[in-house]
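> need coordinates for the below:
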Amino acid sequence: MSAGTLEVKKLSVIGVGTQGSMISFRSAIHGKQVVGYSRTQASIDTCKKKIDRWLEYYVQNGRLTNEQAGAARGRISYASGLAGACEDADMVIENVPEKLELKQTVFSQLSEHCPEHTLFCSNTSSLLMSEICARLPQNRKEKSFSVDHDDPVRNDYLEMMWNIHTTAQTKQAALRHFRSVGFEPVITEKEIKGYSINRTWRAIKRECLHLWAGGYCNPAEFDRGWMIEWGSKFGPFKLMDLIGLDTIYDIEMSYYNAGGEERDKPPEKLREMIEAGILGMKSGSGFYDGYDSEAGNLEVD
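Have a look, this model is predicted:
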């Protein structure tokens, strides 16, 4: 089977945290068979609770019937072993923390267990897929690409980025899959750190963090002004809470380590929040308080 003719029916989601749980949900309601992988049962249990909440939310809002929600739930299974999670996968989407060495290790392991036709996708905001897959054989690199999601539960936005190895057949199969689950992909044709739209968002995020850490603005007040000006439902600080402050910190450190510019270094104040367990929505508090950590991003209505 060539990559160009591949239809993704079975999807392995490697890491079922904030993004992985949303991707699993989105894929299942569009008819895909999903295996969610985590090393810990606690993470799997949290994922199940989030997906149950989202299915309930979709039923209440008339987007799914009870029967459709039940069928979607039945299309998701879970694994705590990597080999079992991806042994017959048409595509793997990796969602581990934003650390290059960790992602490289994961994909090396995936290369050992996945079928030859499997597409390799990293859900990464700031790392380059060509570096993540640097240790893999050429036939794996040719089937690699990266994506950056915003909120797979709520909207259809998705950035996709090809790398120097990505073949035309892989591009065709990847686009066909993500369109089949309702996304409207925005393509970054040439590999660059941060994609295109996300790279612009990163510049906004960096400035917001330094304004906050320097005592120049209050997150809620800044977000209020942002929403008035841009007509959005929430502002940059709320969005960082949704993404996870530990993830935000890792992304900022990735930029800082790559260029060494002091302005790219995330504020010490952010690191102190993370060390105190204040991680945003997933921990119950971040720049804002009072989140239900099991509700996922339904809190941002």
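> distance check, residue 241 against residue 216.
Applying Cβ to Cβ, to the nearest Å, the value for residue 241 to residue 216 is 19 Å. For the C-beta atoms, the positions are set from N, CA and C on the backbone; glycine is no exception.
> so these two - more neighbours on which side?
residue 241 (27 against 9; other Cβ atoms under 10 Å).
> residues in contact with the helix or strand harbouring that one?
Using DSSP states H and E, residue 241 falls within helix 236-243. Contact with helix 236-243 is made by 18, 151, 204-205, 208, 212, 219-220, 222-223, 226, 234, 248, 280-281, 286-288, 291, 297, 300, as judged by Cβ atoms under 8 Å, 6 or more residues apart in numbering.
> filter the residues you listed down to just the buried residues.
Among these, the ones that count as buried by 16 or more other Cβ atoms under 10 Å are 18, 151, 205, 208, 212, 219, 222-223, 226, 234, 248, 280-281, 286-288, 291, 297, 300.
> mind listing the helices for the stretch 201-301 of the chain?
Assigned by DSSP state H, counting those that start in this stretch, the stretch 201-301 of the chain shows helices spanning 219-230, 236-243, 245-259, 268-275.
> again, but for the stretch 1-150 of the chain
18-29, 41-60, 66-74, 82-86, 100-113, 129-132, 138-141.
> buried deepest among the ones you listed, which one?
Highest mean neighbour count among the helices of the stretch 1-150 of the chain (mean count of other Cβ atoms under 10 Å): helix 18-29, with a mean of 26.
> which strands or helices does that helix pack on?
Applying 3 or more Cβ pairs under 8 Å, 6 or more residues apart in numbering; DSSP states H and E, we find helix 18-29 packed against strand 10-14, strand 33-37, helix 41-60, helix 66-74, strand 76-79, strand 119-123, strand 144-149.
> using TSV, lay out these together with distance to residue 274 and mean pLDDT.
Output for the helices and strands packed on helix 18-29, formatted as TSV (distance: least, Cβ to Cβ, whole Å; pLDDT from 0 to 100):
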stretch	distance to residue 274	mean pLDDT
strand 10-14	23	98
strand 33-37	25	98
helix 41-60	18	96
helix 66-74	33	98
strand 76-79	27	97
strand 119-123	20	98
strand 144-149	21	96
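> out of these, which gets nearest to residue 178?
Closest approach to residue 178 among the helices and strands packed on helix 18-29 is made by strand 144-149 (7.5 Å; Cβ to Cβ).
> name the helices or strands packed onto the closest one?
Counting by 3+ Cβ pairs under 8 Å, 6+ apart, strand 144-149 packs on helix 18-29, strand 119-123, helix 129-132, strand 157-161, helix 168-180.
> taking helix 18-29 as reference, get the angle to that strand.
Relative orientation of strand 144-149 versus helix 18-29 (axes from the mean of the first three to the mean of the last three Cα atoms, to 10 degrees): 100 degrees.
> which other residues reach strand 144-149?
Counting by Cβ under 8 Å, 6+ apart, 19, 22-23, 93, 119-125, 127-130, 132-133, 136, 157-163, 165-166, 170-171, 174, 178, 195, 198 sit against strand 144-149.
> give me the buried entries from those.
Looking at these with 16+ other Cβ under 10 Å, the buried ones turn out to be 19, 22-23, 93, 119-125, 127-130, 132-133, 136, 158-163, 165-166, 170-171, 174, 178, 195, 198.
> quick revisit: CSV for the helices of the stretch 1-150 of the chain, including distance to residue 10?
Listed next are the helices of the stretch 1-150 of the chain as CSV, based on distance: least, Cβ to Cβ, whole Å:
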stretch, distance to residue 10
helix 18-29, 10
helix 41-60, 18
helix 66-74, 14
helix 82-86, 9
helix 100-113, 14
helix 129-132, 21
helix 138-141, 18
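> residue 189: which of the ones you listed is closest?
Nearest of the helices of the stretch 1-150 of the chain (Cβ to Cβ): helix 129-132, 13.5 Å.
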